[in-house]
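**Student:** task: produce atomic coordinates for the following.
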Amino acid sequence: MTQLKEQYDNTVVSRLMERFGYKNKMQVPHIEKIIVNVGMGDMAHEKDLVESVRDELATITGQRPQLRKAKKSVSNFKIREGSPVGYKVTLRGIRMYEFLDRLINFCMPRIRDFRGVSRNAFDKCGNYTLGIKEQTIFPELNLDKIPRTHGMDICIVTSAKTKDEALSLLEELGMPFTRAQKKD
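**Tutor:** Modelled structure (predicted):
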């Protein structure tokens, strides 16, 4: 079992039960899955870059990414139906906890001028979406073999019913949120 999963089982569940008054451990929100998405943009027209994005995402997540193709042709973006537009990986179970642990403890501190992630990126169902500008923050990648930097979206899907429950869950797991601003 990973450190983050042990922390969730041993401390987070009891703290959230106490804070929100849950009567059963099964009511406590948990992380269901993490979706990592890379949109290729203008890199989609160069085949060697498409393959390098796939290999980088596989190295970062430990799982082979799924190629996403355009559903419609859009002439303004020079995209034809069926052309590759990005890669997606859905992480669950142990890989999900390992990825989140590496993201929180090793990758986010490597971001230049990092002050924390926004508290406002929750949707109404309690899911959190995080955008990363460069994939170079992941220590698994060999920086000499990266042809071009690109960003990625990381969506953490939780079973929380509200934003407050999801925020408390991720705070307890160690997500470095920015401090709340006081309203005058």
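**Student:** just want the most central residue of the chain.
**Tutor:** I154 (2.5 Å; C-alpha atoms, centre = their mean).
**Student:** surely it is in contact with L103?
**Tutor:** Yes. Using C-beta atoms under 8 Å, I154 is in contact with L103, at 7.1 Å. C-beta: built from backbone N, CA, C; applies to glycine.
**Student:** export the lowest-mean-pLDDT helix or strand in the chain as PDB, just CAs?
**Tutor:** The helix or strand of the chain with the poorest confidence is helix 47-61; it has a mean of 82 (mean pLDDT, DSSP states H and E). C-alpha atoms of helix 47-61 as PDB (Å, rounded to 0.1, in the frame of the first residue of the first chain):
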ATOM      1  CA  LYS A  47       4.100  12.400 -36.100                       C
ATOM      2  CA  ASP A  48       7.400  12.200 -34.100                       C
ATOM      3  CA  LEU A  49       6.000  14.700 -31.600                       C
ATOM      4  CA  VAL A  50       2.800  12.700 -31.200                       C
ATOM      5  CA  GLU A  51       4.800   9.600 -30.300                       C
ATOM      6  CA  SER A  52       7.000  11.500 -27.900                       C
ATOM      7  CA  VAL A  53       3.900  12.900 -26.100                       C
ATOM      8  CA  ARG A  54       2.600   9.300 -25.700                       C
ATOM      9  CA  ASP A  55       5.900   8.000 -24.400                       C
ATOM     10  CA  GLU A  56       6.200  10.900 -21.900                       C
ATOM     11  CA  LEU A  57       2.700  10.500 -20.600                       C
ATOM     12  CA  ALA A  58       3.300   6.700 -20.200                       C
ATOM     13  CA  THR A  59       6.400   7.400 -18.200                       C
ATOM     14  CA  ILE A  60       4.800  10.000 -16.000                       C
ATOM     15  CA  THR A  61       1.700   7.900 -15.200                       C
END
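**Student:** immediately after it, which helix or strand?
**Tutor:** Counting by DSSP states H and E, the next helix or strand C-terminal to helix 47-61 is strand 66-69.
**Student:** so where's this structure shaky on pLDDT?
**Tutor:** The model of the chain has pLDDT under 70 over residues 1, 42-47, 75-77, 180-184.
**Student:** mind listing what's buried in the helix or strand harbouring L16?
**Tutor:** Under the criterion of DSSP H and E, L16 resides in helix 13-20. Within helix 13-20, the residues that qualify as buried by neighbour count (16 or more other C-beta atoms under 10 Å) are V13, L16, F20.
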